[in-house]
Structures are given as C-alpha cells and as structure tokens.
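Undergrad: my questions concern the predicted model and sequence given below.
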Amino acid sequence: MKDSKNIGLVLSGGGFKGVAHIGAIQAFEEANIVPKYVSGTSAGAIVGSLYAGGYTPEEIKGFFKKTSLFKFNRFTRKKAGFLDSEKFQDDLEVFFPDNSFETLQKKLFVTATNLVEGTVKVFSKGPLIKPLLASAAFPGVFTPVLINGELFADGGILDNFPVTPLEKKCDLIIGIDVSPIKKPKITDFKHSYNVMQRAYYLRAVPNAEAKFDRCDLVIQPKKLVNHGLFSNSGLDKVYDLGYQEAKKQIALYVKNQKQ
C-alpha cells in the first residue's frame with residue numbers, strides 16, 4: 001500500500017454514522033496511509049472536506065460534537081424541509097474561510113443529486129460550502145440547495161458510494177461505507193423520520209454495495225446498524241467502530257499482499 005502514489009478514498013453517506021469515517025482516517029494516519037484524492041457524499045462529503053482541508057481527526061470529530069442539528073433557529077416553516085440547510089453555512093465558514101475547492105490540501109469530489117433532472121452532479125472546483133450543504137441535504141429533513149439556478153439535495157439519493165470520480169486517477173482505492181442495515185421490526189416505525197430513513201437505506205445500500213468490487217479495500221463497520229442517522233448519542237462509540245474496523249481491514253490487506 002505504501003508503494004501506491006495515488007490513493008483515493010471513498011466516503012459514503014450515513015448521517016451521524018459518518019463519524020465512523022473519522023475513526024477510520026485516524027487508523028490510516030497511524031498506518032502511514034495518505035490518500036491524495038477524496039470523493040464523498042452527504043456525511044462523507046462533510047468529513048472528506050474537513051480531511052482534505054488539513055484538519056486532524058480530532059478536529060473533525062470536534063466539528064460533529066459542536067454542530068447541533070436541531071437548534072431552534074435552524075428550523076424552517078416555508079421551505080421544503082424541517083431544517084434550513086443554508087443556516088449551516090456559518091458553521092462551515094469557520095473551517096473554510098476561503099470557501100474554495102482550490103485551497104484544499106487534497107483533491108476533493110463532492111456529489112449531490114439534481115432534483116429536477118434526476119442526475120448526479122460531481123462538484124470539484126469553485127465555491128465549496130454550497131455543494132457540501134447540498135450533498136448533505138437529506139430529503140424531507142434538510143431543505144434542498146439552489147446552486148447556479150439548479151436545485152440539489154443529498155448525493156446519497158442516487159449514489160451513496162461515489163467511487164467513479166476516482167477510478168481514472170488512483171492506483172489504489174479505499175472505500176468506507178457507514179450505512180449497513182438490519183431488517184427492522186414493524187414497531188420500529190414510530191416517527192416519520194423512521195420511514196424516511198428506511199426508504200433511504202433501501203435505495204442507498206444496494207447502490208453502494210454493488211460498487212465495492214471497484215475498490216481495493218472496503219471498510220464497513222457492521223455494528224453501525226445499532227446507531228441512527230440523526231442521533232449524535234454514542235458519537236465516541238461510532239468513531240471507535242470506524243477506527244477498529246479500519247485497523248482490522250488494513251492488517252488483513254497487508255497480510256494478503258505479502259502472501
């Protein structure tokens with residue numbers, strides 16, 4: 001793995017389970033694995049942007065600890081969602097004062113879904129923050145984001161594992177999927193967001209897993225099934241699940257390469 005000069009990192013969506021990405025990145029750093037390219041969607045786009053911006057795993061985890069989703073002033077009454085995506089702009093400006101893809105330390109690709117055209121858009125240059133907000137705009141919860149006259153929402157709607165932008169640029173691709181699912185019980189559907197979460201998973205998970213064979217190494221912490229998309233309780237546990245699974249898979253990969 002150390003001989004690979006162009007390592008790419010794919011980061012799936014998954015709400016607060018995206019914190020597991022940060023734990024995995026910590027394991028990469030300890031193993032001296034340094035991706036040059038990052039492609040992310042939704043929570044993976046947020047983590048990927050901070051990582052590409054040169055922030056440490058501890059600093060990235062701090063962002064998720066400090067950024068409360070459900071502050072009263074984030075709610076909206078006259079837009080298509082409960083939470084106004086653009087009211088998270090200030091949180092990101094603290095970390096990205098230049099608001100530019102070009103000022104990042106790693107090449108970053110962010111995917112979002114064009115709601116009108118029904119297509120995936122890959123952002124990789126120009127203003128950074130609005131594409132991040134769009135990529136993470138989970139349908140029905142966060143409002144869609146208008147960019148250059150087009151309306152965008154969560155990238156995971158159509159592509160929850162955006163490996164394509166990396167395939168012609170990298171000689172080794174590592175994928176992290178933080179959206180494993182388990183079969184729910186009828187009693188699990190207590191709120192509207194439980195239904196939205198299930199609908200999202202039914203689309204996103206097969207979409208992601210069909211692309212695993214396009215990676216050299218895939219990390220999917222199975223125990224994340226016990227954590228929700230929108231709850232930040234157990235954040236340190238989620239981080240550790242990503243860290244431990246990444247360490248395990250890195251060791252297996254290195255062992256297999258030696259055989």
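TA: Structure received.
Undergrad: quick one: the longest strand seen in the chain to chain centroid distance?
TA: The longest strand of the chain (DSSP state E) is strand 107-114. Strand 107-114 has its C-alpha centroid displaced from the chain centroid by 10 Å (CA atoms, centre = their mean, to the nearest Å).
Undergrad: hmm, who's touching that strand?
TA: 36-41, 45, 48-49, 52, 101, 119-124, 128, 131-132, 134-135, 137, 145, 150-155, 157-159, 162, 165-166, 169 (CB atoms under 8 Å, 6 or more residues apart in numbering). (C-beta placed from N, C-alpha, C; glycine too.)
Undergrad: what's the offset of stretch 145-152 from the middle of its chain?
TA: With CA atoms, centre = their mean, you get 20 Å for stretch 145-152.
Undergrad: ends of that stretch, how far apart?
TA: Length of stretch 145-152, first residue to last, CA to CA, to the nearest Å: 5 Å.
Undergrad: buried residues, it. List them.
TA: Across stretch 145-152, burial judged by 16 or more other CB atoms under 10 Å covers 145, 147, 150-152.
Undergrad: circling back to that earlier point, among the contacts of strand 107-114, which are in strands?
TA: 37-41, 119-123, 145, 150-154.
Undergrad: top of those by neighbour count?
TA: Thr41 (34 neighbours; other CB atoms under 10 Å).
Undergrad: count the residues that sit near the nearest residue to that residue once chain neighbours are set aside.
TA: In this structure, Thr41 finds its nearest non-sequential neighbour in Gly155, 3.4 Å apart by CB to CB, 6 or more residues apart in numbering. When neighbours are defined as other CB under 10 Å, Gly155 has 31 of them.
Undergrad: just Ile129 next, same as before
TA: For Ile129, using other CB under 10 Å, the count is 20.
Undergrad: is it true that it touches Asn99?
TA: Yes. The pair Ile129 and Asn99 qualifies as a contact (CB atoms under 8 Å) at a distance of 5.2 Å.
Undergrad: joint contacts of those two?
TA: Glu93.
Undergrad: okay, strands next: where are they in the protein?
TA: 7-11, 37-41, 107-114, 119-123, 145-147, 150-154, 172-176, 217-219.
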